[in-house]
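Chemist: Quick one, structure for this:
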Amino acid sequence: MNRKFLTAIFIWIGALRVVLGVSGTVYGQTAQEYFEQGKAFYNQKKYDDSVTAFKRAIQLQPETIPMAYLNCARAYSMKKDFVSADQYYSFYEEIDQDALKDKKVKAEHSAVSKKANY
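Modeler: Next up, the predicted model:
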């Protein structure tokens, strides 16, 4: 996915939140709380719940918690949903430029991409 497209999505989400008056919480939880909840679910091998929590964190703060994208990708991978995992690895790499230097993340993404495109 190209950078201009992602930037447009983030701007659109931000504008929509302003228009709708959406606060920095969903169901009374902050993005950071959803992120922490997602990690806890992941560690308990509750990958569906983990994905849901990470996606809520992303909805609230799409650019400030880049690890939510990476962890969401990993949870999708554990669910064997390699197409979604590939997308979230790509999102993570677009948002966090240091991700491109991380050999572990690059290897994970490469493996998932191969499985998504078999």
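Chemist: Which helix or strand contains the spatially closest residue to N117 that is not a sequence neighbour?
Modeler: Nearest non-adjacent residue to N117, counting by C-beta to C-beta, 6 or more residues apart in numbering: D86, 8.0 Å away. C-beta: built from backbone N, CA, C; applies to glycine. For D86, the host element (DSSP states H and E) is helix 82-95.
Chemist: Model confidence at the residue nearest to N117, what's the number?
Modeler: At D86, the model reports a pLDDT of 96.
Chemist: Can you pull out the low-pLDDT segments for the protein?
Modeler: Counting by pLDDT under 70, the chain shows low-confidence ranges at 1-27, 118.
Chemist: Name the nearest residue to the residue nearest in space to the middle of it, sequence neighbours excluded.
Modeler: Centroid-nearest residue in the chain, with C-alpha atoms, centre = their mean: Y69, separated by 2.1 Å. With sequence-adjacent residues excluded and distances taken as C-beta to C-beta, 6+ apart, Y69 is closest to Y92, at 3.8 Å.
Chemist: so what's the one you found up against?
Modeler: P66, M67, Y69, L70, A73, A99, V105 (C-beta atoms under 8 Å, 6 or more residues apart in numbering).
Chemist: From F54, how far out is it?
Modeler: Distance, Y92 to F54, by C-beta to C-beta, to the nearest Å: 11 Å.
Chemist: Tell me the residues that contact both of those two, please.
Modeler: With C-beta under 8 Å, 6+ apart, Y92 and F54 have common neighbours Y69.
Chemist: my guess is the residue nearest to the centre of the chain contacts Y88, does it?
Modeler: Yes - between Y69 and Y88 there is a contact under C-beta atoms under 8 Å: 5.2 Å.
Chemist: Okay, helices next: where are they in this structure?
Modeler: Using DSSP state H, the helices of the chain run over 3-20, 31-43, 47-60, 66-78, 82-95, 103-116.
Chemist: Send me the second one as CSV with only the CA atoms.
Modeler: These are the backbone C-alpha positions of helix 31-43, laid out as CSV (Å, rounded to 0.1, in the frame of the first residue of the first chain):
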residue,chain,number,x,y,z
ALA,A,31,-6.1,3.4,22.9
GLN,A,32,-3.3,2.5,25.3
GLU,A,33,-5.7,0.4,27.4
TYR,A,34,-6.9,-1.4,24.3
PHE,A,35,-3.3,-2.0,23.3
GLU,A,36,-2.4,-3.5,26.7
GLN,A,37,-5.6,-5.6,26.6
GLY,A,38,-4.6,-6.9,23.1
LYS,A,39,-1.2,-7.9,24.4
ALA,A,40,-2.8,-9.8,27.3
PHE,A,41,-5.2,-11.6,25.0
TYR,A,42,-2.4,-12.5,22.7
ASN,A,43,-0.4,-13.9,25.6
